[in-house]
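**Student:** missing the sequence, but the structure's below:
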């Protein structure tokens, strides 16, 4: 039976349930196809015919061959056994020994006789009817090979649409006998490789193909599915979806469940597709699930679709990839990788990963880590933070003294740091009594009675950032569960040993360990009830094909003869007794770990104290002797082995507050143990355990599940980063979301949560989530970085060619300035700011298979300063002086470039602002803006068309957005003008915007893809106006009225972007400090009163590291002074001293390394220069006289 599907009238009794027919196309072999063509010249024709089965399923009697049609009307069959549906038929039932034709079996021959009076060629169309008798394969495609997995072929992939074709060769079938109401009922359980079975418990369980798709920001999602012509099976009884069973010996299986709606005369599911959406790191993800078929429980008809064409459209999408899909502020390298490995449209949504790591948005590109520690482990956490930063992961620490000691308070703190730092990883340093965990949803299966309202201990909600109901992690969170400083130090040492990779020989990576139990109990028939062995053996087979030599620790009871997996397929012959012993023990696991292995996985039952089969206990974990360098990542996928919160869980669980769970014992073992353990905290569902393990293995080796990723697996494998342990766990959770969807988790389910959320809460990472899992032996390579030019923001470094895929970081002190992925022996990166050339600047290289490299960068020092020089006495032309400033602070005039004029004079400020590429100078008494491009030597080149004309007069204040694409100008006293910046010059964006009189200084701020402009205002209404800048123009969102607090505010402003603070200088009152709401751009005073400067002040300067603030005090009683402020952790200025100044300082600027403070003195016709100490204090100033004297320096800008 080449194919088992029926078309046309359904078979009638006596054939019974499950009767199917065949109707394939002709094939070359005459006895294995259905339609035969032959010619005879005689009056009568006789042929010997036998039936050969090519099905995976046994075919039960009755077995009939029906002549559906004869092409020549004059030809007739003369010896048929009878008629079926009016057609001649032959009964082959007596020729089937035992009543079932086995897979690959053949019947004996029978003679078919015909009359052919005209001796014409004729064709027979034959249909063979039989009854499916066991497990097997139901083809959906006429020429499909049985067992072939469901495939997906991408079509059009564009910003506003995605198309793909799902190809369905067929589904696997397993016969399941269920006891209901005292009788046995047979169901057919359907499954398909690469597909899950999400749905409604109690309704027919139909395999579903899942695809992740990124949805553009602001767009809707519309889905249509066009199925091919279905293949129809009659007399089926599809198994209803059952709640998953837990991997804990003490919990009874849930009773068989079938809904009343199962038998309604309608096809289920009603719609072939469904869509679920969620948000991960600001990117909206749609999970599109397409059912491979439909089933009618009333008629027993199953439809399978050989092809399903899927059309996804995004109305409202804008063509701005990759920013169409996620804001730069929310993106992070590790999440880009794992999302890129799942999305069908990753080429647009992730843009090959370089959009973030490669530096097109460098200031948001860094993988940052937050460590929250109990005070008792502060020293160890600080050591770990320093190590992580050296490895290219900018890490900050907070004590629970600062975060609070409640789970909700700590989560709020993490969210606040996320909004400021864009962290990607969180390490919780301490056991549950030191850093609490959440008590999550009520557990569907709670011992002892399954009905107690007890909750899941979970760290998930430290990782979710999108409000109530969110269960998709936006952060990679792990817990270093320790109780003493000695335990903490031991684990920190182990992390440094592992990441330092000074020890890892090839044998450490040769033998990954997979342990599993063949559960065959009711009845003991050689067929396992669970997927434990199948899951592990699929992994073993895959790793064996990649050159590993996996160690199997499989076990079964002595009276069990393992022969079939739970889906009815044969286990390999090499796993059958007596070839394979099935006698693995916990001692074998201990021996394998002690011998050295990088990976251990387990599938079976478990408890707080260890694995059930093979029995591997906490006491055995304590005795591990693999040392502090040969530590495996362990996937302990069973029940309860990660129950780390025994000290703080609910009393109803009956746990001892002194109990440390199996995973904690592995982590803390004194002479060895595990690097980290990914494991559930409570009873966990069996199928979910299998699926998350498959997903996590696919994260490490992206070709394990070839159709789950959406992008090129070969490329994914060479890129480091997707193997960080926290991301491995998150990827597994996303995989579960794809396969379970909204399916309700178990009965009872007091919170009505889905399986996907239930399991997202269950699984925890005990260990450091930032560790990059190593999967092969470590080599050593030499890297150098010499004769590097400073003062640039884009760099090229040559690397050994074998470093393809390495993550390369540039560190200046403890600050990571940029990261990029190396390809083909080189790396290009754009830094968040110019490289200053300071001693100790390092190039760090992390590459899979190599020892980490950290080398000093050897520089030639270079600084540049630009001074806008204007006439002192009357309006006239102006120019810009470009200076090179060496490491000792010596000035060299590079150039004097003509700027705007003649309408400029010293009477009031002139607009002067710059970006990474351009410098702009305004005419304070005219209507011009000069624009220059920076040359490599620091000199200036006037942009063609400069100066550019403004609508209004008095271009006294300018501001450039952070991206360097927009210029804002205050012209006149009451007007704002807006320009688009390009290499070709300035072009007006929108019509000028009128404001109230006395508008002054400008500043910009960007966050979450939005941009705001701040305008200081004096005069009758004193304060700050806030405008949100939209594509269609600015819109005022706030006027912060300072009222009686102010005297003459708004002449100088500075924005601390990292701190989200705005500092506003009032000439008389001092410095106002505002907090900026990153979501709305609105301002709120951080302190009620302005911070006094000490008198009249006209200039304000924020250090580039946002640690110090400087203000002029030109009317000091003795000599002019500069007032110095430290900003501290809260950003509130605290006066730390004063230093002598040159007279009449109009403008201040710091050098790009925060080593020098410059001041423009119009009275002395020169530039005052102060050295800046590390504590922010200023040294004795030096004076650099202006060489020409007239015009004199007024405004400064440094790079």
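**Tutor:** That came through, no problem. All values reported here derive from a predicted model rather than from experimental measurement. Numbering: from 1, shown residues only.

**Student:** and residue 715, what pLDDT?
**Tutor:** pLDDT for residue 715: 39.

**Student:** chain neighbours aside, what residue packs nearest to the residue most central in space within the chain?
**Tutor:** For the chain, the residue whose C-alpha lies nearest the mean C-alpha position (Cα atoms, centre = their mean) is residue 335; its distance is 2.8 Å. Nearest residue to residue 335 in three dimensions, chain neighbours excluded: residue 281, at 4.7 Å (Cβ to Cβ, 6 or more residues apart in numbering). (Glycine included, C-beta is placed from N, CA and C.)

**Student:** how many residues are close by that neighbour?
**Tutor:** Neighbour count for residue 281, taken as other Cβ atoms under 10 Å: 23.

**Student:** that one reaches residue 473, doesn't it?
**Tutor:** No - counting by Cβ atoms under 8 Å, residue 281 sits too far from residue 473 to count as a contact (9.3 Å).

**Student:** returning to what we had before: if I look at the residue nearest to residue 335, how far off is residue 727?
**Tutor:** Separation of residue 281 from residue 727 (Cβ to Cβ, to the nearest Å) stands at 12 Å.

**Student:** hang on, the earlier thing: residues of the helix or strand that the residue nearest to the centre of the chain is a member of that come out buried?
**Tutor:** For residue 335, the host element (DSSP states H and E) is helix 333-340. Buried residues in helix 333-340, counted by 16 or more other Cβ atoms under 10 Å: 333, 334, 335, 336, 337, 338, 339, 340.

**Student:** which residues are in contact with the residue nearest to the second one when sequence neighbours are not counted?
**Tutor:** Sequence neighbours aside, residue 727 is the residue nearest to residue 334 in space, at 4.8 Å (criterion: Cβ to Cβ, 6+ apart). Residues in contact with residue 727, defined by Cβ atoms under 8 Å, 6 or more residues apart in numbering, are 334, 335, 337, 338, 476, 699, 721, 769.

**Student:** mind picking the two most distant members of those residues?
**Tutor:** Greatest spatial distance in the contacts of residue 727: 337 and 769, 14.3 Å, computed using Cβ to Cβ.

**Student:** could you pull up the mean pLDDT of the helix holding residue 335?
**Tutor:** 74.

**Student:** what's it packed up against?
**Tutor:** helix 346-349, helix 354-357, strand 423-429, helix 725-740 (3 or more Cβ pairs under 8 Å, 6 or more residues apart in numbering; DSSP states H and E).

**Student:** which among those is found nearest to residue 172?
**Tutor:** helix 725-740 (16.1 Å).

**Student:** which stretches of the stretch 101-250 of the chain form strands?
**Tutor:** For the stretch 101-250 of the chain, the strands defined by DSSP state E, counting those that start in this stretch cover 110-115, 121-132, 136-139, 151-158, 161-167, 170-180, 183-191, 208-214, 222-227, 231-233.

**Student:** so how far is residue 259 from residue 180?
**Tutor:** 13 Å.

**Student:** no no, residue 280
**Tutor:** Distance from residue 280 to residue 259, counting by Cβ to Cβ: 33 Å.

**Student:** so the two - more neighbours on which side?
**Tutor:** Higher neighbour count among residue 280 and residue 259: residue 280, with 25 against 15, using other Cβ under 10 Å.

**Student:** nearest residue to that one other than its sequence neighbours?
**Tutor:** In space, residue 280 is closest to residue 472, 5.2 Å off (Cβ to Cβ, 6+ apart).

**Student:** and the helix or strand containing residue 895, what does it pack against?
**Tutor:** For residue 895, the host element (DSSP H and E) is strand 891-898. Counting contacts by 3+ Cβ pairs under 8 Å, 6+ apart, strand 891-898 is packed against strand 863-870, strand 879-885, strand 940-942.

**Student:** which parts of the first one are buried?
**Tutor:** When neighbours are counted by 16+ other Cβ under 10 Å, the buried residues of strand 863-870 are found to be 863, 864, 865, 866, 867, 868, 869, 870.

**Student:** redo the residues you listed as CSV? Include distance to residue 456 and pLDDT.
**Tutor:** What follows is those, written out as CSV (distance: Cβ to Cβ, whole Å; pLDDT from 0 to 100):
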residue, distance to residue 456, pLDDT
863, 56, 84
864, 58, 89
865, 60, 92
866, 60, 93
867, 64, 89
868, 63, 88
869, 68, 84
870, 68, 81
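
**Student:** closest one of these to residue 308?
**Tutor:** residue 864 (61.3 Å).

**Student:** quick one, what contacts the closest one?
**Tutor:** 791, 882, 883, 884, 885, 894, 938, 1152, 1198, 1199.
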